[in-house]
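A.B. asks: below are the sequence and a predicted model for it; my questions follow.
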Amino acid sequence: MHTGLFQNASTTLADGFWRDLWLRSPSPTENGRETDSMFMFLWWFCVAWFVLLMALMVYWVIKYRRRPGTDAVQSPSHNTPLEVIWTVVPSLMLVYIFFRGFWGYIDKIVSPGDAVEMQVIGSKWSWDLRYPNGMQSPMTDKIGFNDIPVFYMPAKTNIRLKMQSSDVLHAFWVPDFRIKQDVVPNRYMTVWFNAEGPKDGDPGTKKHPSVVAGSEEAKKHPELLVLSGKPYTQHYVFCAEYCGQQHSEMAALIRVVSEDVYKDWLEKIGTPSDPIELGKRVFKTKCASCHTLDGSRSTGPSWLDMYGRTETLTDGTTVVVDDAYILESIFEPAKKIVKTYENGNMTSFRGLVSPDQVQGLIAFMKSISQHAPKTEVPAGGTPAEAPKTETPPTK
């Protein structure tokens, strides 16, 4: 990589002395470990100079203190050799620090040519990732009150993230990888990483719960069968740029699995044939940060029993929540706002959801509303039920 001599010279220190004096667990990425090494070098560089200068100051204050009966000697106003030394020597040190930091920065933003590219879209207040085959991860995990998306990554593989924002400024931050990149509207930003996978005996390695083949869960979510009992490492993703009311809840998880497990999982994920199931997935990853399913108030109205209900808008008119209104609200959310939700600040999802996903959301909203028109259950099918395990507790 670009760091060349700088990085090679610090490899031993990064793996030994400096790492042992670092207060975080070692990063699972090479660039992360170089960042740690650079940080600890700067830290101890500053500590060493601080201790030296303070010790000299104390020594000189005591040695050259004013004594009774001794006339004060006039201080010299100029000393060329001394001034050259204290200017040139620190400057040379700063040149080294600058170039080592600069090449480390270049290494983080310029990905290798064989990197696998994935798209990341930040929006208030969730992260969305699209894999090279165009699919999105259906996996979520509950952190606090919210379901947050889970992104699976192959171990020991160069991954390039091409990122953009659909609304305001965000920042994609993975503390474990030591990467943070601003995500800007109307502009592509990139960052890359290569993470080590799970290791036997490593305290950071976890295992997926076992799923029985042929069970209802396995039939409904075949991707879970691929992950059953497989080890992984988990890394949190946050937004590091204040972006509004629920900025602190804009999170995701990166799970690193072996390359074979990743390939099998990627083949299994796909668009569910059941539109209600698709709607559940979309809700969890794109809508759950602002809407609830239990009737409690959040940034936006609760979806429980919303479909088919008559709502009063901010201008005093009323509207029935039907397919047309839902479609309009997804693409033009500020056009007809429900009363008392004027400050919701929902952004348009035009271009962020497919027609199938929109229909899935509508089907899901119908399935959890007592006001929705009753539909006949197809032969061999089962009536739709509102989700129970996914319902967040009332705040």
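C.D. replies: Received, thanks.
A.B. asks: what helices and strands are in contact with the longest helix along the chain?
C.D. replies: When every helix of the chain is counted residue by residue (DSSP state H), the longest turns out to be helix 30-63. Contacts of helix 30-63 with other secondary structure elements, assessed using 3 or more C-beta pairs under 8 Å, 6 or more residues apart in numbering; DSSP states H and E, are made with helix 5-15, helix 17-20, helix 80-109. In short, each C-beta sits where N, CA and C put it, glycine included.
A.B. asks: which positions within the helix or strand following the last one qualify as buried?
C.D. replies: Meaning helix 80-109. Toward the C-terminus, helix 80-109 is succeeded by strand 116-123 as the next helix or strand (DSSP states H and E). Along strand 116-123, these residues count as buried under the neighbour rule (16 or more other C-beta atoms under 10 Å): M118, Q119, V120, I121, G122, S123.
A.B. asks: make JSON lines from these and add pLDDT and distance to P198 to it.
C.D. replies: What follows is the buried residues of strand 116-123, written out as JSON lines (pLDDT from 0 to 100; distance: C-beta to C-beta, whole Å):
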{"residue": "M118", "pLDDT": "93", "distance to P198": "20"}
{"residue": "Q119", "pLDDT": "91", "distance to P198": "26"}
{"residue": "V120", "pLDDT": "93", "distance to P198": "23"}
{"residue": "I121", "pLDDT": "91", "distance to P198": "28"}
{"residue": "G122", "pLDDT": "91", "distance to P198": "27"}
{"residue": "S123", "pLDDT": "89", "distance to P198": "31"}
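A.B. asks: enumerate the positions of stretch 181-195 that are buried.
C.D. replies: Applying a neighbour-count criterion of 16+ other C-beta under 10 Å, the buried positions in stretch 181-195 are Q181, D182, V183, V184, M189, T190, V191, W192, F193, N194, A195.
A.B. asks: just want the angle from the longest helix of the chain to helix 80-109.
C.D. replies: Interaxial angle, helix 30-63 versus helix 80-109 (axes from the mean of the first three to the mean of the last three C-alpha atoms, to 10 degrees): 160 degrees.
A.B. asks: average model confidence for helix 30-63?
C.D. replies: Predicted confidence along helix 30-63 averages 91 (mean pLDDT).
A.B. asks: pull out the buried residues from it.
C.D. replies: The neighbour-count check on helix 30-63 (16+ other C-beta under 10 Å) flags E30, N31, G32, R33, E34, T35, D36, S37, M38, M40, F41 as buried.
A.B. asks: repeat for stretch 234-253
C.D. replies: Of the residues in stretch 234-253, those buried under the neighbour-count criterion (16+ other C-beta under 10 Å) are 235, 237-241, 243, 246-247, 249-253.
A.B. asks: does the most centrally placed residue in the chain belong to a helix, a strand or coil?
C.D. replies: Within the chain, the residue whose C-alpha comes closest to the C-alpha centroid is V237; the distance, by C-alpha atoms, centre = their mean, is 2.6 Å. The three-state assignment at V237 reads strand, by DSSP: H, G, I helix; E, B strand; the rest coil.
A.B. asks: who's the closest spatial neighbour of it, skipping the chain neighbours?
C.D. replies: With C-beta to C-beta, 6 or more residues apart in numbering as the measure, A252 is the residue that lies nearest to V237, at 4.0 Å, once sequence neighbours are left out.
A.B. asks: just V257 next, same as before
C.D. replies: The shortest distance from V257 to any residue other than its chain neighbours is 4.8 Å, reached at Y232 (C-beta to C-beta, 6+ apart).
A.B. asks: point out where the protein drops to low pLDDT.
C.D. replies: Flagging of the chain using pLDDT under 70 yields the residue ranges 1-24, 270-273, 344, 374-395.
A.B. asks: helices along the stretch 201-350 of the chain, start to end?
C.D. replies: If you assign secondary structure with DSSP state H, counting those that start in this stretch, the helices in the stretch 201-350 of the chain sit at 216-220, 222-227, 259-268, 275-282, 323-331.
A.B. asks: those helices: which one's closest to V89?
C.D. replies: Within the helices of the stretch 201-350 of the chain, the stretch nearest V89 is helix 259-268; the backing value is 48.9 Å (C-beta to C-beta).
A.B. asks: contacts for that closest one?
C.D. replies: Under the contact criterion C-beta atoms under 8 Å, 6 or more residues apart in numbering, helix 259-268 has outside partners 131, 133, 135, 152-157, 197, 222-223, 225-227, 230, 257.
A.B. asks: buried residues, that helix. List them.
C.D. replies: Here helix 259-268 shows V261, Y262, D264, W265, L266, K268 as buried, counting by 16+ other C-beta under 10 Å.
A.B. asks: and of those, the nearest to E217?
C.D. replies: Top of the list for closeness to E217, among those and by C-beta to C-beta, is K268 at 13.5 Å.
A.B. asks: can you tell me, leaving aside adjacent residues, what's nearest to the closest one?
C.D. replies: For K268, the nearest residue in space outside its immediate sequence neighbours is E223; the separation is 4.2 Å by C-beta to C-beta, 6+ apart.
A.B. asks: shouldn't the one you found be in contact with P138?
C.D. replies: Yes - at 6.7 Å, E223 and P138 qualify as touching, with contact defined as C-beta atoms under 8 Å.
A.B. asks: what do those two both touch?
C.D. replies: Applying C-beta under 8 Å, 6+ apart, one finds that E223 and P138 are jointly contacted by I269.
A.B. asks: compare these two (neighbour count), which wins?
C.D. replies: The neighbour comparison of E223 against P138 (other C-beta atoms under 10 Å) goes to P138, with 22 against 19.
A.B. asks: my read is the more buried one is in a strand, agree?
C.D. replies: No - remark: P138 does not belong to a strand; assigned using three-state DSSP, it is coil.
A.B. asks: what's the separation between it and K220?
C.D. replies: In this view, P138 and K220 are 11 Å apart by C-beta to C-beta, to the nearest Å.
A.B. asks: what about K284, how many neighbours?
C.D. replies: Every residue meeting other C-beta under 10 Å relative to K284 is counted, giving 22.
A.B. asks: for it, give its distance to A252.
C.D. replies: For K284, the distance to A252 under the criterion C-beta to C-beta works out to 12 Å.
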